[in-house]
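S.K.: mind looking at a prediction? Sequence and model below.
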Amino acid sequence: MKVFGVTTFGAMILLTGAASAQECDNPIYRAGYDPSTNRASLYERCDPPPGQIDPILVPIIAPDAGTQALWASNPTNHARPEINLTDAANGFDLVFSYDRPTEADPAGLGNIVIDGIRLGNDVDLVDLRVKAIDDAAFGAPNDGQGPNVPFEIPVLTPGKQWPDGMHPNLSYGGSYFSPAIVLQNATHTLGISVHYPVRERKHNMRFFLESTSEDPVLGRSWKLTIRVNSNGAATAAAGNLQVGELGREYVVAVRVQRGDPHLWVQTLEPYRRYFRQLYGWVRYSYDPRPVRGEQFARTYAIRAGEPYGFWNNPGGLDPNYAENMNPYTYGWKPWTENLVLGTTALGYKRTLIWSPAGAFDVTCNFPFIFTSNWANFPDPSDYLQLLQVEQKGVQLGLYWGRAIEPMAQLSCVVPEDCVAEWAAFNGPCPEKLDPNNAQQVEWTLTEFERAMVVNSTLIGLDAFLGGLGLAERLDWLDTLRDYAHYGFGANPKFLIEPARTDVFLPYAPLAQVDRYIRGPLTMADFLVPGHERYSVVQGLVPDQNYSAEEFGDYIVGSDATATTAFRRAQARRAAERGWIPIIMNANNYDNGNNAAPKPPVSIAGDDPSLYVPRRSWQVNPEIPDEPQYRLSGDINLDGVVDVQDFNIVVANMGKTLPAFDLDGDLIITVNELSAVVFNLGNDYRTIP
């Protein structure tokens with residue numbers, strides 16, 4: 001009989017609803033799996049309270065007659081997996097194993113379902129997104145990854161999904177950072193993560209959360225549905241089971257804890273462990289210095305006789321620029337000098353340039369064509385002046401608009417015809433890249449080639465999402481890196497925009513327009529310590545998420561002044577949260593704009609040595625803490641990769657030394673030795 005949430009349950013007392021919030025001494029978790037009904041359960045056992053002899057039992061996941069089984073076909077005729085459950089100290093692992101012996105057998109993967117989650121009516125969802133313009137609002141922010149979603153249901157209606165019209169699902173490979181869900185109530189945090197090799201499986205994954213029923217004893221039930229392969233129709237087959245494939249596994253790790261809700265990352269420790277085993281550690285050197293952002297061409301500057309949108313500075317009104325900046329008309333000398341002398345005068349040593357080859361009038365900005373058009377200027381080789389930027393100590397960065405939406409280079413021969421061809425473009429915007437389309441690949445590598453010719457060491461990849469799945473984007477990033485390395489001996493750093501998904505971080509930093517960032521990126525700090533992430537500070541009118549408390553006098557009602565002071569305030573906020581600011585236009589460098597080093601998000605039992613930044617200058621006391629050494633490579637101890645580095649690697653073969661571990665496998669092997677040999681004489685390192 002249930003009285004105020006307390007029900008006798010054998011020799012125990014079952015607590016549900018608000019009653020489960022009472023203190024629990026020595027919690028022990030017990031998992032169960034019933035193969036006859038294909039359902040799993042998880043209970044928390046607490047010591048008897050004073051004056052009682054029966055232990056307390058709190059349901060965390062408790063099926064009833066109305067809850068769904070652990071797997072469901074979606075919609076029909078999908079391969080039914082074998083399911084096994086393994087106990088863990090505070091939860092369990094479910095292993096879903098699929099086979100497709102013959103072509104006649106089903107290829108689809110269906111849905112994994114965790115039903116009967118008993119956290120009551122008032123449930124929060126930790127938001128594992130980096131906010132973007134097309135993401136639904138999630139309520140008030142907290143100090144975790146982002147804001148929580150209050151799942152309070154005042155009227156319990158069967159079939160009720162996300163309240164108040166919120167977005168009903170989350171796509172890993174779209175806007176969701178990691179394949180995991182974290183739910184919380186007043187006392188418990190439940191973390192559910194999915195472990196699968198993205199490159200091999202070639203599919204995204206989608207998560208649905210809903211509340212469909214309430215049991216009179218167990219209380220409100222929440223159901224998590226995981227659509228295993230959420231690719232669109234065009235790419236679904238690539239992510240499905242292939243003929244003859246046996247033993248394809250997906251692991252769902254379920255962990256629960258009592259206590260401080262701010263420690264929610266602890267429930268995702270199994271995912272972190274899997275992530276590091278699969279993807280390793282950061283493969284690039286950390287540079288916290290802010291970046292000067294510039295836009296060579298702008299739509300508002302397009303006019304008769306100037307279809308590319310390059311702008312000038314008539315009368316020299318802005319002292320940060322020469323009077324004649326248009327590279328088509330005046331050549332590349334003004335911008336080359338500005339990127340060297342002007343950037344240095346402003347206090348920067350790094351640049352990133354938007355629309356470096358022109359802007360379109362109506363649509364498809366920023367243009368995919370970001371370098372090839374330079375050869376269509378009156379002096380087709382004058383752009384080589386840009387080589388002086390890196391030669392004179394300033395990093396040259398180029399932002400590649402719509403980087404995976406390839407379009408053909410201009411077909412013109414003489415500059416005048418090129419001007420007309422560019423001006424005539426009015427869409428449609430290109431489709432996403434097909435890596436198997438040789439013509440599209442040629443167009444793309446042609447654009448990338450000139451960026452390497454001018455020695456651009458920072459490449460922003462705009463709109464690097466959608467159309468291509470996660471696996472295809474990772475593979476394409478490798479293609480670009482290999483093309484730079486084997487074709488030009490270069491090792492550029494790529495910035496992935498928008499900042500959406502965790503798998504890119506070990507290979508390339510993430511970038512996001514600042515006004516869509518809602519807080520620190522806790523999940524990234526937890527998974528990949530030492531990574532880079534960039535905030536593009538535009539200085540635009542803020543939306544409702546900017547507040548007077550944050551920016552004080554820079555807010556005027558609901559409007560804002562895009563002044564230097566406002567941009568500095570934005571940059572400081574980004575830097576304090578661990579985002580490296582890219583500050584648009586000519587704004588003086590501010591010492592407060594260096595990104596604050598983010599301490600790794602660690603949990604109890606972590607090995608502190610794993611969090612020592614993997615930088616050679618920090619483990620060699622003879623090397624001073626100066627930028628020129630911090631910018632060298634992980635295996636570079638004295639300004640150049642030489643025999644000293646070779647001897648260090650040889651002496652430590654077989655050891656676990658994060659400072660010299662270049663491929664992220666936590667052990668020094670022939671891979672590190674090959675990297676040293678390959679880079680002898682260089683001031684950077686590349687992993688062959």
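M.R.: Looks like it arrived, so ask away.

S.K.: pull the longest strand from the protein.
M.R.: strand 245-258 (DSSP state E).

S.K.: where does Thr329 sit: helix, strand or coil?
M.R.: Under DSSP: H, G, I helix; E, B strand; the rest coil, the three-state class of Thr329 is helix.

S.K.: skipping adjacent residues, who's closest to it in space?
M.R.: Phe310 (7.6 Å; CB to CB, 6 or more residues apart in numbering). Any C-beta I mention is one placed from the backbone N, CA and C, and that applies to glycine too.

S.K.: tell me the bridge partners for that neighbour.
M.R.: Phe310 has these beta-bridge partners by DSSP bridges: Ala297.

S.K.: show me what contacts it?
M.R.: 296-297, 301, 325-329, 358 (CB atoms under 8 Å, 6 or more residues apart in numbering).

S.K.: tell me which residues in the longest strand of the chain are buried?
M.R.: Of the residues in strand 245-258, 248, 250-257 count as buried by neighbour count, 16 or more other CB atoms under 10 Å.

S.K.: against Asp382, how distant is Glu447?
M.R.: Distance from Glu447 to Asp382, counting by CB to CB, to the nearest Å: 18 Å.

S.K.: compare the two (neighbour count), which wins?
M.R.: Set side by side, Glu447 and Asp382 show more neighbours around Glu447, with 23 against 18, by other CB atoms under 10 Å.

S.K.: which SSE is that one in?
M.R.: Per DSSP states H and E, Glu447 falls inside helix 438-453.

S.K.: what helices and strands are in contact with the helix or strand immediately after that helix in the chain?
M.R.: Sequence-wise, the next helix or strand downstream of helix 438-453 (DSSP H and E) is strand 458-461. Using 3 or more CB pairs under 8 Å, 6 or more residues apart in numbering; DSSP states H and E, the elements in contact with strand 458-461 are strand 351-354, strand 397-400, strand 493-496.

S.K.: in its sheet, which strands sit next to strand 458-461, and in what direction?
M.R.: Its sheet considered, strand 458-461 pairs with strand 397-400 (parallel), strand 493-496 (parallel) by DSSP bridges.

S.K.: tell me how far Pro75 lies from Ala234.
M.R.: Taken as CB to CB, the span from Pro75 to Ala234 is 18 Å.

S.K.: state the three-state secondary structure for Ser213.
M.R.: Three-state assignment for Ser213 (three-state DSSP): strand.

S.K.: nearest residue to the middle of this structure?
M.R.: Nearest to the geometric centre of the chain sits Thr501, at 3.2 Å (CA atoms, centre = their mean).

S.K.: correct me, but that residue touches Phe177?
M.R.: Yes - counting by CB atoms under 8 Å, Thr501 touches Phe177, with 6.3 Å between them.

S.K.: which neighbours do those two share?
M.R.: The contact lists of Thr501 and Phe177 share no entry, where a contact means CB under 8 Å, 6+ apart.

S.K.: flag the shaky bits of the stretch 551-688 of the chain, pLDDT-wise.
M.R.: 551-563, 589-593, 596-600, 607-642, 644, 657-666, 678-688 (pLDDT under 70).

S.K.: recalculate using a threshold of 80.
M.R.: In the predicted model, the stretch 551-688 of the chain carries pLDDT under 80 at residues 551-569, 585-649, 651-652, 655-668, 670-688.

S.K.: do the same with the stretch 301-450 of the chain
M.R.: 362.

S.K.: mind listing the helices in it by residue range?
M.R.: Counting by DSSP state H, counting those that start in this stretch, the stretch 301-450 of the chain has helices at residues 327-330, 333-337, 343-346, 387-391, 415-424, 438-453.

S.K.: how far off centre is the longest strand of the chain?
M.R.: 22 Å (CA atoms, centre = their mean, to the nearest Å).

S.K.: buried ones in the following helix or strand past that strand?
M.R.: Later in the chain than strand 245-258, the nearest helix or strand by DSSP H and E is helix 269-279. Using 16+ other CB under 10 Å as the test for burial, helix 269-279 gives 269-272, 274-276, 278-279.

S.K.: for helix 269-279, what is the average pLDDT?
M.R.: In this model, helix 269-279 carries a mean pLDDT of 94.

S.K.: packing partners for that helix?
M.R.: strand 188-195, strand 245-258, helix 522-527.

S.K.: list of residues touching it?
M.R.: Contact partners of helix 269-279, identified using CB under 8 Å, 6+ apart, comprise 88, 93, 178-180, 193-195, 197, 251, 253, 255, 265, 502-503, 506-507, 526-527, 603, 664.
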